[in-house]
Each structure stands twice: as C-alpha cells, then as structure tokens.
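Asker: model the following, please.
(chains A and B)
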Amino acid sequence: MPDTGVVSDEELLRRMHNGDADSLGRLYDRWSPLLFPLVVHLLTDPDEAEDVVQETFWQAWRHADRYDAARSDVAGWLFVIARSKALMRLRARRRRREEPLPSADAPELVAPLADPAVNAELAGRRAIVLAALAGLPPEQRHTVDLAYFHGMTQQEIAERTGQPLGTVKGRIRLALEKLRQPLAALAEGGL
Amino acid sequence: MADLHGANGEHEMFREALGAAAIDALSDEEMKSVLEHVAHCESCSAELSALRRYASQLSYAAPIEPIDQARSDRVRKQLIARAKADRQPLEISSAKLTTSKEDIVQPQIPKRRVVNWVTAAALAASVVALAALVSERRGLLESLDRERAGRVSEVAALRGELSERDAALSTITGPSVKVIALAAPTARPVGAVMFWDRASDQWTFIAHDLPRLELGRTYQLWLVLGTSPRSIAVFAPDALGYARVSIRMPLDPNARPQVAVTDEPGGGSTLPTTNPIMVGQVSG
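Answerer: Below you'll find the predicted structure:
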C-alpha cells in the first residue's frame, strides 16, 4: 500500500476494529489527500468538506467490521462513503437553495500529497482512470463529469445541458459500459 | 420514476438505470425504485455491485485541488482523539469485590492464621478490584467529559453559524446598503447583484447561472474606480452556476464604483485581461 508497502488497508481496518487509533491515523494519512479534493470539489465549501471527511473516517472507525473486500477495495469503500455523504448534503442544500459563502480570504494552501510513495501510486491510478475517461466521446465524458464530480442527477444534467433526458441516460449507460474494462481491472488488481 | 414502471420490459429498464444508480445520478425517487427492484432481482443486484465496485475508481480522477494542510491536520487530530475516547473500556469490571470462605481452603494452617490470611487476601483483592473500578470509572468520566466538550463546541459552532447568517442578512438589507445590478453586455442569460453595505464596508456578490469556464480559468471580481480596476476576489460557481462572495473592503461611501466580472487565468490576474462578462455601476 502507498505509505509503507507493509501494512495493507485491510490490516489497518482490522487493527482499527480492535481499537487501534493509530491505525485510523495511518488510514487517514493514506487516503485523506484524495478524499479532501473530491469532497471539496463536490461541495465547494471547505468547512462542509471537513465535516464530511471526518464523518467518513469516523464511520470507517466505528464500522470497520462492515468492510467487505468482495465488494470493493478499501479506497473504493471510503470513496463511496465520502461521496454519498457529500451528495446528501449537496442535494439537501439544493433543495433548500442555501449555498455556502466562499471564503474571501482563503488560507494558505499547500500541496496535498507529501509522501512520494503515495504520490507515485495515486498518480499511477489517476493516470489509468484519466486515460479511460479520455477514451470516451466528449459528450459522454462531460456527462460523467457532471454526474460523478459535480453530483448532478440525470434530470439536472438534462436541464443544465439542454439535452433530452433520454440522451443523458444513454450517455451515462454507454460511458459506464466503456469504462468497465479498464476500471474493473484497476479495481480488481490495482496497478 | 414512471418510465421504470412500465409493464413491458420492466426488468430491462431497471437494468439500464443501474449505471446511473452506481454513480448516484438518480433522483431519490428513482433510486428507491431501482433499489426495490434490485432487492428482488439477483442478476441486477450482482450487476449493481460490479458497477459500483469499478465506478468508485473514478474518484482517482477527482480534480487535484490543493487542500488546507492545517485543516487536514486538525481533522486528523480530532479523529484520533475521538477514536481514543471511543475505545475507553465501558464495561464495568467483573472482578470480584469480595472473596467467600468457600474459595479458600488451607487445612494445614492454624485456623486463626487462616482467618487472618483470608481477611488480608480478601481485603487486598477488594482494594485491587476497587482501584480497577475507580480507574475505569475515571476513564469513562473523562470520555464523557470529552464528548460533552465536543457537543458544547458543536453548539458554539452552530451559534456562530447562525450569527454569521444574521450578519450576512444585515449586509444586504440594511438602510445603508446600495444595490448594484450587474448585467451581461452579451445576450448570455447570466446576471448578478452586488450589495454594498456602506456602514460596515461589507460587499456581498451573488450570481446565478454562470457558465462553466474552461479548465484553468477562473472568474474574477473587480471594483473599478474611474479607470482603475481593483481585484476583489477570484471565485468559482458551483455545478449549478451559483456563486456568492462576501468581503470587507472600506470605500468612500459617496464613491460611484463600477463592479465587473471577467474570465481570467487560474489564480486571477493583477489587471483584467478579458472584456467583462458582466458589469454594473452604483446609481446616484
């Protein structure tokens, strides 16, 4: 795994289940650099993103025993939890039409990934996913982008892009079919 | 989700929606319908699991955006503290507080000495068990104290948020507020309003339906006094094109500035490099 190559994510979860808080810290160090940008990008509010990231790892801590390796790798499990929590907030906010105030005086920002080993593995995985996305026709790629990285429903995408709902549905379906082979290989076997 | 409830080909329609379900692109009602079907359809259940498994890998392509390291460190610290408090022993010790006579049989030793030894042993065991109990109670108490402190902090944060919202409302509704409507020079259906609270020097900008900019570009907000533009902020709208910027900036209350928004390279520019997307001016 990225940070040491010694302790796997699954082992960290096992230790967390046994009450080892330091393992939670290691899991956080390993995956929060990827979860934070994903959630910030969805919510556009660093404060809310902070809550979601904390809730995600807290859920992993409290329910480490519920992780099922047959369903996803640990990173995928964390992604699903974080994204689900972020989407819940995003859609509730949209229903209320309440939006966050962007900070006018943003704090000093630093690069998220400090560990070269983490950088290398994440960069490799990222390259595979980006290449898979780049292989999609532009309209399918754009539709997946709006759905996955902006948390929009098919209906919202149709309204936003002016495309018929059926077209949007078709684009998502076709895109996921094309992404299946490269992403499934990544999910099954890592790099 | 009417189109998923047709009598014919219902299974196929649900199956076609599984991809959207895997990336949460369905409305709540649609998702509910799909999950109800999946609960009774083995093949769709397996397919949705597979789709979710690989679709989650898309997260690796999340836009790389710098994060606030201090914020990340704070979250880590809080998590570790919560985790440590969470796993304090909560069960009361099952150690015996007393020792019965039946537990101790020492026939070779004179009775009086046995009684004394038994008493001493029982007392010692009691003291040890009591100490363990006290220690555990103390741990539990400390854990509860930390939890209470966390709740107090949450309440304070909510009060602060409420206060901020009240303050935000006052900056756009008070008698000292000037409203500057921004309009697009082109026919693009975008618009925005700037509220200038001259009493508190608070500026609040709200825009709707802003189009997405190309990768590496950002919106920049300007205040133009005469011919001198001054950058107020760079900002990015959300997925629905909504943006709100709030900033404190002193300005002569009698000034008549223009407010403009331009499309600039990421990070913003020191001076506008493109024509304004929208512009507005304080009226007399």
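Asker: excluding covalently adjacent residues, which one is nearest to the residue in the stretch 101-250 of chain B that chain A sits nearest to?
Answerer: Nearest to chain A, among the residues of the stretch 101-250 of chain B, is residue B:239, at 3.5 Å (C-beta to the nearest C-beta). Where C-beta positions appear, they are placed from N, C-alpha and C, glycine not excepted. In this structure, residue B:239 finds its nearest non-sequential neighbour in residue A:150, 3.5 Å apart by C-beta to C-beta, 6 or more residues apart in numbering or on different chains.
Asker: give me the pLDDT value at residue B:52.
Answerer: Predicted confidence (pLDDT) at residue B:52: the value is 91.
Asker: you'd agree it is in a strand?
Answerer: No. According to DSSP: H, G, I helix; E, B strand; the rest coil, residue B:52 belongs to no strand; its state is helix.
Asker: quick check: chain neighbours aside, which residue is closest to residue A:46?
Answerer: Nearest residue to residue A:46 in three dimensions, chain neighbours excluded: residue A:40, at 5.9 Å (C-beta to C-beta, 6+ apart).
Asker: I'd like the next helix or strand past the least confident helix or strand in chain B by mean pLDDT.
Answerer: Lowest mean confidence among the helices and strands of chain B (mean pLDDT, DSSP states H and E): helix B:111-173, at a mean of 65. Per DSSP states H and E, helix B:111-173 leads on to strand B:177-183 as the next helix or strand towards the C-terminus.
Asker: next, the buried residues of that next one.
Answerer: Using 16 or more other C-beta atoms under 10 Å in any protein chain shown as the test for burial, strand B:177-183 gives B:177, B:178, B:180, B:182.
Asker: mind showing which ranges of chain A have poor pLDDT?
Answerer: Residue ranges of chain A with pLDDT under 70: A:1-6, A:97-119, A:189-191.
Asker: where along it do the strands fall?
Answerer: Counting by DSSP state E, one finds no strands in chain A.
Asker: closest to the centroid, which residue in it?
Answerer: When C-alpha atoms, centre = their mean is applied to chain A, the residue found nearest the centroid is residue A:79 (3.9 Å).
Asker: skipping adjacent residues, who's closest to that one in space?
Answerer: Nearest residue to residue A:79, sequence neighbours excluded (C-beta to C-beta, 6+ apart): residue B:59, at 3.9 Å.
Asker: pop the domain breakdown of chain B in here.
Answerer: Residue ranges for the domains of chain B, per automatic domain parsing: B:2-60, B:88-171, B:177-281.
Asker: comparing those by mean pLDDT, which bottoms out?
Answerer: Among those, domain B:88-171 scores lowest, with a mean of 58.
Asker: I'd like the distance between the spatially most distant residue from the centre of chain A and residue B:28.
Answerer: Within chain A, the residue lying farthest from the chain centre (C-alpha atoms, centre = their mean) is residue A:164, at 27.8 Å. In this view, residue A:164 and residue B:28 are 22 Å apart by C-beta to C-beta, to the nearest Å.
Asker: helices along the chain, start to end?
Answerer: Just so you know, I chose chain A. A:9-17, A:21-43, A:46-62, A:74-96, A:116-134, A:138-144, A:150, A:154-161, A:165-189 (DSSP state H).
Asker: meant chain B, my bad for not saying
Answerer: Using DSSP H, the helices of chain B run over B:10-16, B:18-22, B:28-40, B:42-55, B:69-86, B:111-173.
Asker: who's in contact with the shortest one?
Answerer: Which is helix B:18-22. With contacts defined as C-beta atoms under 8 Å, 6 or more residues apart in numbering or on different chains, helix B:18-22 is touched by A:147, A:154, A:169, A:172-173, A:175-177, B:26, B:30-31, B:34-35, B:38, B:44, B:47-48, B:51-52, B:55.
Asker: taking those residues, please make a PyMOL selection of just the buried ones.
Answerer: Filtering the contacts of helix B:18-22 down to the buried ones (16+ other C-beta under 10 Å) takes a single PyMOL command:
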select buried, (chain A and resi 147+154+169+172+173+175+176) or (chain B and resi 26+30+31+34+38+44+47+48+51+52+55)
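Asker: rewinding a little: residues contacting the residue farthest from the centre of chain A?
Answerer: Shown in contact with residue A:164 (C-beta under 8 Å, 6+ apart): residue A:158.
Asker: next one: residue B:228
Answerer: So residue B:228 contacts nothing (C-beta under 8 Å, 6+ apart).
Asker: just give the number of residues close to the nearest residue in space to residue A:44 that is not next to it in sequence.
Answerer: Once flanking residues are discounted, residue A:44 sits nearest to residue B:238: 4.9 Å by C-beta to C-beta, 6+ apart. Residues lying near residue B:238 (other C-beta atoms under 10 Å in any protein chain shown) number 21.
Asker: tell me the contacts of the residue nearest to residue B:24 when sequence neighbours are not counted?
Answerer: Residue nearest to residue B:24 in three dimensions, not counting chain neighbours: residue A:87, with 5.4 Å by C-beta to C-beta, 6+ apart. Listed by C-beta under 8 Å, 6+ apart, the contact partners of residue A:87 are A:42, A:151, B:24.
Asker: count the residues that sit near the second one.
Answerer: By the other C-beta under 10 Å criterion, the neighbourhood of residue A:151 contains 24 residues.
Asker: cool, the last one as well?
Answerer: By other C-beta under 10 Å, 21 other residues sit near residue B:24.
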